[in-house]
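Asks: From the sequence below, what's the structure:
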Amino acid sequence: MLEDLPTELLEDIAEWLPPLAIRSLSHVSSKLYRALVPRIYRVVKFRAASEWALNVLNIDKFFIQHSKSTGHLLHTRHLKIDAPIHLTRFNRCAAFNIFRAVGLAADPFSSIGTPDNAKAHQQFLGDIGDQVGLAFGHLSPGLLRSFTWRLGTCLPAGVLDKEGYLIRYQANLVHLSLVTDGSCSHAAGHLGGLCRLSSLEAIEWEGIQHSSEIELLQKCIRRNQRRLKTLSIGFSASAGRPDFSHRVLGQQGSTLATTTAMVGPIPTILPSLTDLVLSKAYLQRSPQPTALSTFAGLRSLKLRDCVNSCEFLGALSRLQNKLQLRLFELCFDNLPVDPNKANLEPVIAFLLSFQGLQHLYLKLSNFSHTHQIGDVIRHHSRTLETLVFHEKQLAPIDNERLWWDTRDFCSSWLFDGAELRHLDRLSALALCANTSFVRESLEPGSQASHLQVLHIRLTGVDHLHRDIQSEIISQIWTEDDAGRECPCGCWSELTRRTSHPDCDFDFATLWEEQSVEPSGSEAFCSESAEIKEVLNFADWAFGPNGLPGLEILAFGDFSYEERYQKQRFLARRKRSIRFLPNHCPETRKHYGWNFCIGDIDDASLWSNVGWNGSKFLSACPDGGPMESPDEW
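Replies: Take a look at the predicted model:
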């Protein structure tokens, strides 16, 4: 039947199908194969398997194994060079990895900055460049629309140099995304062609540190300022917090003074900019009008750990032409600031100064009077569709209370004020809270709830000692489940993927041992009790008396892709569930839980959600993608 359809119609159908479905459909017949191959190879990603061998992309093996398909790269419009970024930043480049010095005549333990180190770094980037060059050789010149570099290393020669491949053959790029290691002693090299790209509509760059990198970025922004719609800039923790207006946009004091005296609307350096993300940047306490004009046309604004965030937002709230934001995200730690001066009032004033906000994401640390956020929620209640609120407060981390650090904190005002019951349009909610509080707040109006995604947030770095995923599987997978699978096969699939030795640990033993060694097992038992509470909450939420529209329930930290993979759990609605009256634990033994284990990489997971659910789960992250918990 499908073979009778015109090729153009088949291509339109493929636009609505997940990647796996398109691949399966392409094997049905030769006509479908020819029609769908351009769609299958439109996005190509080459990924390093390990952080410890980032120069092993296996691109050469791809061409050996797929020699008959190399011509399909002519259809590629989006090329991604990717790698996992977990907990090890110190080994991104060869300058920080002694293993890549093997084979050199010099001492592999030579210090950073020596000629031997430079040679190792050059060889390392040469390995990457040779492999990337193979892919470049099979692309159609002038047709690549986006290029993503997420290795977290320096770029090798021949990619983004003044005479690099992208400048010579793919100058029509509209989207450039970079994650580099600014702390590498050889950083800022091979980037001279950045300021020659003139068709960019989106620039994303994480890991900026050196002045030469900032200068190149400034020139690139200037060259693309009329068409630039998306700008995402993240500085390294040791970058010295460069001034966004002066160092990045290049706005000088004399220009500001001249512009202030102008009559009428103030011209902006980025007239098309709608989405802005700033991480670890410096924002002026009392910005000039030109600096504020850059923000005037935004629809999405994300500020993550930027200096003077509160004061700057207060200045934005006083703009004559109010902002028309649809999404706002703020991550701000009050710890380094004078507690007598810092407060939330400028942030509250900013959020109350305009209307129509659809997505509000907040992560606030060590602020008092956070209950004022309730006024903001009520102010935007008619339009708010997704809400993230994560609060952290100073807490002792030792029994003697000598050492203190910020830790997750449950905000009781959210539940006392019943703020969550009056958000009729809310489809996604993320809270750092106890599941019992969340259930108590949602249960009275659960049947009228429109929630599709619910996220019980944790900070992954605070729970690195735990394997939450294995803890949950251990309690779900019992002896009674042996030989029996969920109709969708999710239990057995995730069990096969989880190879942790504690996966099948008997938690009942821990309860029995509590009287023998109370000091050693009490903490573990409390964690076990927390997991039981989470599972019971999930069973209620997806059950007949729970949240009828709920599709996804997330628990833990989903920031930075798989970085905290063991500190999180995902559940989804069970399509074939057979609801019975009085669905008690005894009945569950025969019919299973009311939910299935979800996989964040499953494209079909979000098929019933009308927006990017994975981005929602990863909102308001801690730190940055190039930072390790060892450095926090």
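Asks: drop to CA atoms for contacts and neighbour counts, all remaining ones
Replies: Fine.
Asks: quick one, longest strand in the chain?
Replies: strand 386-396 (DSSP state E).
Asks: neighbouring contacts of that strand?
Replies: By Cα atoms under 8 Å, 6 or more residues apart in numbering, the residues outside strand 386-396 that reach it are 358-367, 402-411, 426-432, 457, 619.
Asks: of the residues you listed, buried ones?
Replies: Applying 16 or more other Cα atoms under 10 Å to these, the neighbour count classes 358-367, 406-411, 426-432, 457, 619 as buried.
Asks: among the residues you listed, which are in strands?
Replies: 359-365, 406-409, 428-431, 457.
Asks: What does the pLDDT read for the closest residue to Asp398 other than its chain neighbours?
Replies: Using Cα to Cα, 6 or more residues apart in numbering and skipping the chain neighbours, the partner closest in space to Asp398 is Trp404 (7.8 Å). pLDDT for Trp404: 81.
Asks: Ala342 too?
Replies: Ala342 is assigned 62 on the pLDDT scale.
Asks: And the one 10 residues further on, by the same measure?
Replies: You'll see Leu352 listed with a pLDDT of 95.
Asks: domains for this protein, by residue range?
Replies: 1-40, 463-617 (automatic domain parsing).
Asks: How about Glu201: what's its closest non-neighbour residue?
Replies: Glu201's closest residue in space is Leu228 (Cα to Cα, 6+ apart), at 4.2 Å.
Asks: And the one you found, how far from Ser279?
Replies: 19 Å (Cα to Cα, to the nearest Å).
Asks: now Asn172
Replies: Distance from Asn172 to Ser279, by Cα to Cα: 27 Å.
Asks: More neighbours: those two, which one.
Replies: Ser279 (23 against 19; other Cα atoms under 10 Å).
Asks: Give me the buried positions along the host helix or strand of Cys220.
Replies: Take DSSP states H and E as the rule and Cys220 turns out to sit in helix 211-223. Neighbour counts over helix 211-223 (16+ other Cα under 10 Å) mark 213-223 as buried.
Asks: So in the protein, where's the weakest helix or strand by average pLDDT?
Replies: helix 507-513 (a mean of 28; mean pLDDT, DSSP states H and E).
Asks: quick one: the strands in the stretch 51-200 of the chain?
Replies: Assignment of strands within the stretch 51-200 of the chain using DSSP state E, counting those that start in this stretch yields the ranges 78-82, 146-150, 175-179.
Asks: now for the second one, which elements pack on it?
Replies: Counting contacts by 3 or more Cα pairs under 8 Å, 6 or more residues apart in numbering; DSSP states H and E, strand 146-150 packs against strand 78-82, strand 175-179.
Asks: Mind jotting down where the strands sit in the stretch 251-400 of the chain?
Replies: Using DSSP E, counting those that start in this stretch, strands in the stretch 251-400 of the chain cover 275-279, 300-304, 327-333, 359-365, 386-396.
Asks: Any chance of those strands in a markdown table with distance to Pro289 and mean pLDDT as columns?
Replies: Below are the strands of the stretch 251-400 of the chain laid out as a markdown table (distance: least, Cα to Cα, whole Å; pLDDT from 0 to 100):
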| stretch | distance to Pro289 | mean pLDDT |
| --- | --- | --- |
| strand 275-279 | 18 | 95 |
| strand 300-304 | 18 | 96 |
| strand 327-333 | 21 | 94 |
| strand 359-365 | 26 | 94 |
| strand 386-396 | 31 | 89 |
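Asks: picking that back up, pLDDT of the helix holding Cys220, averaged?
Replies: Over the span of helix 211-223, the pLDDT mean works out to 92.
Asks: Same question for stretch 445-459.
Replies: The model assigns stretch 445-459 a mean pLDDT of 90.
Asks: May I see the buried residues of the longest strand of the chain?
Replies: 386-394.
Asks: and if you look at stretch 53-61?
Replies: 53-60.
Asks: Among those residues, which are located in helices?
Replies: Applying DSSP state H to the buried residues of stretch 53-61, the entries found in helices are 59-60.
Asks: Need the pLDDT of Leu553.
Replies: Predicted confidence (pLDDT) for Leu553: 95.
Asks: Arg89 too?
Replies: 62.
Asks: repeat for Gln131
Replies: 93.
Asks: Assess the claim that it and Asp60 are in contact.
Replies: Yes. Assessed by Cα atoms under 8 Å, Gln131 is found in contact with Asp60 at 6.2 Å.
Asks: those strands in the stretch 451-600 of the chain, which residues are they?
Replies: With DSSP E, counting those that start in this stretch as the criterion, the stretch 451-600 of the chain has strands at 453-457, 552-556, 568-573, 595-597.
Asks: orientation of the longest one relative to strand 453-457 in degrees?
Replies: Angle, strand 568-573 to strand 453-457, by axes from the mean of the first three to the mean of the last three Cα atoms, to 10 degrees: 160 degrees.
Asks: how far is strand 568-573 from where the chain is centred?
Replies: In this view, strand 568-573 has its centroid 17 Å away from the chain centroid, taken as Cα atoms, centre = their mean, to the nearest Å.
Asks: Partner strands of that strand and their direction?
Replies: strand 552-556 (antiparallel), strand 595-597 (antiparallel) (DSSP bridges).
Asks: Give the rounded mean pLDDT of that strand.
Replies: Strand 568-573 comes out at a mean pLDDT of 90.
Asks: what does stretch 372-383 give?
Replies: In the prediction, stretch 372-383 has an average pLDDT of 91.
Asks: What are the contacting residues of it?
Replies: Contacts of stretch 372-383 (Cα under 8 Å, 6+ apart): 348, 351-352, 355-358, 384, 414, 419, 422-425.
Asks: are any of those buried, and which?
Replies: Buried among those (16+ other Cα under 10 Å): 348, 351-352, 355-358, 384, 414, 419, 423-425.
Asks: pLDDT-wise, what's the bottom of the residues you listed?
Replies: Per-residue pLDDT puts Glu419 lowest of those, at 63.
Asks: Quick check: the gap between Val461 and Gln567.
Replies: 9 Å.
Asks: More neighbours: those two, which one.
Replies: Higher neighbour count among Val461 and Gln567: Gln567, with 25 against 19, using other Cα under 10 Å.
Asks: Please report the distance of the more buried one from Leu617.
Replies: Applying Cα to Cα to Gln567 and Leu617 gives a distance of 13 Å.
Asks: likewise Asp467?
Replies: For Asp467, the distance to Leu617 - Cα to Cα - is 19 Å.
Asks: next one: Glu213
Replies: Taking Cα to Cα, one finds Glu213 at 31 Å from Leu617.
Asks: Asp601: how many residues sit nearby?
Replies: Neighbours around Asp601, by other Cα under 10 Å: 10.
Asks: Which helix or which strand is home to it?
Replies: Judged by DSSP H and E, Asp601 forms part of no helix or strand.
Asks: Would you mind measuring from it to Leu330?
Replies: Separation of Asp601 from Leu330 (Cα to Cα) stands at 27 Å.
Asks: Equivalent analysis for Phe62, please.
Replies: Taking Cα to Cα, one finds Phe62 at 42 Å from Leu330.
Asks: now Arg226
Replies: Distance from Arg226 to Leu330, by Cα to Cα: 27 Å.
Asks: who's more crowded, the two?
Replies: Using other Cα under 10 Å, the more surrounded residue of Arg226 and Leu330 is Leu330, with 23 against 18.
Asks: Isn't the more buried one up against Lys302?
Replies: Yes. If you go by Cα under 8 Å, Leu330 and Lys302 touch, sitting 6.0 Å apart.
Asks: tell me which residues form a beta bridge with Leu327?
Replies: In beta-bridge terms (that is, DSSP bridges), Leu327 pairs with Ser300, His359.
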